[in-house]
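A structural model of the following input is requested.
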Amino acid sequence: MRNNDGMKLGLYLARTGYHEGAWRDPSVPTNCGADIDHCTHLAALAESAAFHFVFLADHQGVIDSHQVIARVGRNDGFEPITLLSALSSRTQDIGLVATATTTYYQPFHIARLLASLDHLSHGRAAWNVVTSAMDPEAKNFGEEQLPDHDTRYIRAREFVQVVKGLWDTWQDDAFVRDKQRGIYVDATKMHVLNHRGNYFSVRGPLNVARPPQGHPVLVQAGASTAGLRFAAEVGEVVFTAEPSLENGKRSYAAVKETARAFGRESDQVQIMPGIVPIVGRTKQEASEKLRILRSFTHIDVQIEAANLWLGSVIDLRSVDLDARVPESLPQTNSIQSRQKVLVELAARENYTWRQLIQSVSDSRGHLMVVGTPEDISTKMIERFEQRAADGFNVLPATVPGELKEFIELVVPELRRRGKFRSRYSGRTLRENLGLWRPPRRVEQVGATCPP
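Got it, this is the predicted structure:
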């Protein structure tokens, strides 16, 4: 049974916008990456429209090659938990989703940081659980390349288990702070974790009280075979990239079915694919916006973006750009699911390399809809009603311009058609998403991780 509020909406908090050419758009502020007021403005716009959350992606370093660093507008941004902690005091209702990797953090770091954010925001924190996916990240942590893809997910599973265990090391009412009796904390309500596993040894307890939500909401974005299983096991919001309606329906059903196999209720797993809306009062106006954005994007930047998202398995500077994209590529140790989405897209559309490279520059494999508010809302509602999505992570091509257009033109249409709420329905992010508050899991304290 779906939450009566209809579809869920998140805002992907890109510095300048999701399109590769966004930073050059005259309407986009120059200093987006390091401007807290700009970020606050975007979050406030989303909150004014009753979006469920803002979502902040992240990498552990610069992933662009030296050939294009001069031409990309994304290497001067804030660290996610730092930024969202600041935004917690400048917003009231909207959820705050921070990306943090299980590959190069330690569980105690993340448990403490996210518990703190949940307290600061009065229950609006969420953790986008990722495994690092680019070799340049590995080089910042003393490694030449990433661990094997499946190994990263095995580590991630234990990592999440430990973080949840740390969030549960204090009972909800442990900190009594009784001045008359001189008792600050009821020590009988503290539980040492004593985790011993294959990757981590963590005693605990956490030196932060149990988060207001019990656990901050867990968001997951993997869609490879290992990623989908992990999402079904631990994810409460699953951020996907899937431009195909039919593939989206299959993926949606598979995640929900696998979640049930793990003993979870399917409505406690919200599937939210990305959408890049380019809004015009006419189709021609929207198409002209896209044409201009494309004109701002250097071909080297387009090729580099395609190379990254296809998994760096082919030298795109040496291919015949007017040749058809092959039906398969060598398997990557990077983002396997996105490579699959893009190869399937090329096959469906019979793309040349040039066309695929352009598509990646536009939307990186997400659904892009270029058209009127009615066009965009119809596509969204189609996917919602046909069980390909519980909602969407909105990736505006430019900000604040395209975000404002979406809020002013598309959101009213969604409301007119009864698919999106007009106000917040709860105090915490969990309540607004229709997710349960997890009880403290006594049985997991002191658990060891199986091989």
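
tell me where the stretch 301-450 of the chain has helices.
Taking DSSP state H, counting those that start in this stretch, the helices of the stretch 301-450 of the chain run over residues 336-349, 353-363, 373-385, 401-405, 411-416, 429-433.

and the fifth one, average pLDDT?
Helix 411-416 shows an average pLDDT of 98 in the prediction.

next, the buried residues of that helix.
Buried residues in helix 411-416, counting neighbours by 16 or more other C-beta atoms under 10 Å, are found at 411, 413-415. Just so you know, the C-beta spots here come from the backbone N, C-alpha and C atoms, and that holds for glycine as well.

distance to L84 for the residues you listed - can I get that in a markdown table?
Formatted as a markdown table, the buried residues of helix 411-416 follow (distance: C-beta to C-beta, whole Å):
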| residue | distance to L84 |
| --- | --- |
| V411 | 23 |
| E413 | 30 |
| L414 | 26 |
| R415 | 27 |
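
return the member of those nearest to A232.
When the buried residues of helix 411-416 are compared for distance to A232 (C-beta to C-beta), L414 wins out at 27.6 Å.

about what we covered before: now the helices of the stretch 301-450 of the chain in a markdown table, with distance to S89?
Shown next, in a markdown table, are the helices of the stretch 301-450 of the chain (distance: least, C-beta to C-beta, whole Å):
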| stretch | distance to S89 |
| --- | --- |
| helix 336-349 | 35 |
| helix 353-363 | 33 |
| helix 373-385 | 32 |
| helix 401-405 | 22 |
| helix 411-416 | 26 |
| helix 429-433 | 16 |
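
which among those helices is found nearest to L146?
Evaluated with C-beta to C-beta, those place helix 336-349 nearest to L146, the distance being 12.0 Å.

phi, psi for the residue lying closest to H195 once chain neighbours are set aside please.
Residue nearest to H195 in three dimensions, not counting chain neighbours: V202, with 4.6 Å by C-beta to C-beta, 6 or more residues apart in numbering. Phi and psi for V202, reported as degrees, to the nearest 10, are phi -130, psi 120.

then K8?
Note on K8: backbone dihedrals following degrees, to the nearest 10 are phi -90, psi 150.

look up how far Q339 lies from the residue lying closest to D322 once chain neighbours are set aside.
Distances taken as C-beta to C-beta, 6+ apart put T352 closest to D322, at 5.2 Å, once the chain neighbours are dropped. Using C-beta to C-beta, to the nearest Å, we find T352 at a distance of 18 Å from Q339.

before we move on, the earlier item: hang on, the residue nearest to H195 packs against F108?
Yes. V202 lies in contact with F108 (C-beta atoms under 8 Å); the separation is 6.1 Å.

now the common contact residues for those two.
L166 (C-beta atoms under 8 Å, 6 or more residues apart in numbering).

picking up where we left off before, and of the buried residues of helix 411-416, the nearest to G365?
Nearest member of the buried residues of helix 411-416 to G365, counting by C-beta to C-beta, is L414, at 23.6 Å.

who touches that closest one in this structure?
Shown in contact with L414 (C-beta under 8 Å, 6+ apart): 6-7, 377, 380-381, 420.

from those, which two are the most distant?
Pairwise distances across those (C-beta to C-beta) peak at 11.9 Å, for the pair G6 and S377.

which residues are in contact with both of the two?
The contact lists of G6 and S377 share 414, 419, where a contact means C-beta under 8 Å, 6+ apart.

please say which of those two ends up with more neighbours.
Neighbour totals were compared for G6 and S377, and S377 leads with 24 against 18 (other C-beta atoms under 10 Å).

got the contact list for the closest residue to the more buried one other than its chain neighbours?
In this structure, S377 finds its nearest non-sequential neighbour in E413, 4.2 Å apart by C-beta to C-beta, 6+ apart. By C-beta under 8 Å, 6+ apart, E413 lies in contact with 373-374, 376-377.

possible to save these as CSV with pLDDT and distance to M190?
Shown next, in CSV, are the contacts of E413 (pLDDT from 0 to 100; distance: C-beta to C-beta, whole Å):
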residue, pLDDT, distance to M190
P373, 98, 53
E374, 98, 56
I376, 98, 51
S377, 98, 50
